[in-house]
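1. Fold the following, please.
(chains A and B)
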Amino acid sequence: DSGVTQTPKHLITATGQRVTLRCSPRSGDLSVYWYQQSLDQGLQFLIQYYNGEERAKGNILERFSAQQFPDLHSELNLSSLELGDSALYFCASSVSTGANSYNEQFFGPGTRLTVL
Amino acid sequence: SQQGEEDPQALSIQEGENATMNCSYKTSINNLQWYRQNSGRGLVHLILIRSNEREKHSGRLRVTLDTSKKSSSLLITASRAADTASYFCATISSGSARQLTFGSGTQLTVLP
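-> Residues are numbered from 1 along each chain as shown, chains lettered A, B, ... in the order given. Prediction:
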């Protein structure tokens, strides 16, 4: 158990809909990362938050957005869903203290999104 | 986009044998990490090697890093059926970004 929790585990929805994925980082971790894993694209970084602020953006579509709340949990919002958005969405957290800190990331169990 | 490739894409060995997986990457890195993923589940961090290190051990795992060739290898010794999983290398660049850039993964099957 990594200490990172994600809900829900599975989500089945229809094209055009909007969903929210939730992540709680490990206790004490300030950084939250979102990744998408699909068969054709592999594991891709989407976005990072550090202590409530957006820190880095990767291959995140404009239809997707995220935020990190004062209690450090994070939500990933996916809207106008398309068939191609079906994937495993992972959240990870790390301590990330200091400018020169490059720590390992601890991954949650993921949310499997199926868009029909 | 993915950092690089892993080789082989799939590897099948007998229990007790050693398994070696290779990873290549494209940019300068701060560190390289290996993760394991059991079928469709979360990623488990295995080991981290920094750019100024050449070799690191953790239990039955040995990781090497050659920054001149931009490559790394993961050796699992005395493999067990429970080692069956996908193995990914992931890099953190030497810039300000902290996100992991993953390789394409190696699917390891250990036969009992």
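2. burial count for residue 107?
-> Looking at chain A here, since you left the chain open. 23 (other Cβ atoms under 10 Å in any protein chain shown). Placement of C-beta: from N, CA and C, glycine included.
3. meant chain B actually
-> There are 17 residues near B:Gln107, going by other Cβ under 10 Å.
4. Next one: the most centrally placed residue in chain A, what pLDDT does it get?
-> Centroid-nearest residue in chain A: A:Trp34, 2.8 Å away (criterion: Cα atoms, centre = their mean). In the prediction, the pLDDT value recorded for A:Trp34 is 96.
5. excluding its backbone neighbours, what's nearest it?
-> A:Leu46 (4.2 Å; Cβ to Cβ, 6 or more residues apart in numbering or on different chains).
6. how about the residues of chain A near chain B?
-> Taking Cβ under 8 Å from any Cβ of the partner chain, the part of chain A that reaches chain B is made up of A:2, A:31, A:33, A:35, A:42-45, A:48, A:55-56, A:58-59, A:88, A:90, A:92, A:94, A:96, A:102, A:104-110, A:112.
7. Start and end of stretch A:92-109, how far apart?
-> End-to-end distance for stretch A:92-109, by Cα to Cα, to the nearest Å: 9 Å.
8. which of the residues of chain A next to chain B are buried?
-> Neighbour counting with 16 or more other Cβ atoms under 10 Å in any protein chain shown marks A:2, A:31, A:33, A:35, A:42-45, A:48, A:55-56, A:58, A:88, A:90, A:92, A:94, A:96, A:102, A:104-110, A:112 as buried within those.
9. quick one: low-confidence parts of chain B?
-> Applying pLDDT under 70 to chain B flags residues B:1-4, B:95-97.
10. What parts of it come near chain A?
-> Contact residues (Cβ under 8 Å from any Cβ) of chain B with chain A: B:1-2, B:30-31, B:33, B:35, B:40-45, B:48, B:88, B:90, B:92, B:97-102, B:104-105.
11. Buried members of the residues you listed into PyMOL, please.
-> Buried residues within those, by 16+ other Cβ under 10 Å, are selected in PyMOL with:
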select buried, chain B and resi 2+30+31+33+35+42+43+45+48+88+90+92+97+98+99+100+101+102+104+105
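12. In strands only, show me the residues of chain B next to chain A.
-> Those of the residues of chain B next to chain A mapping onto strands are B:30-31, B:33, B:35, B:43-45, B:48, B:88, B:90, B:92, B:101-102, per DSSP state E.
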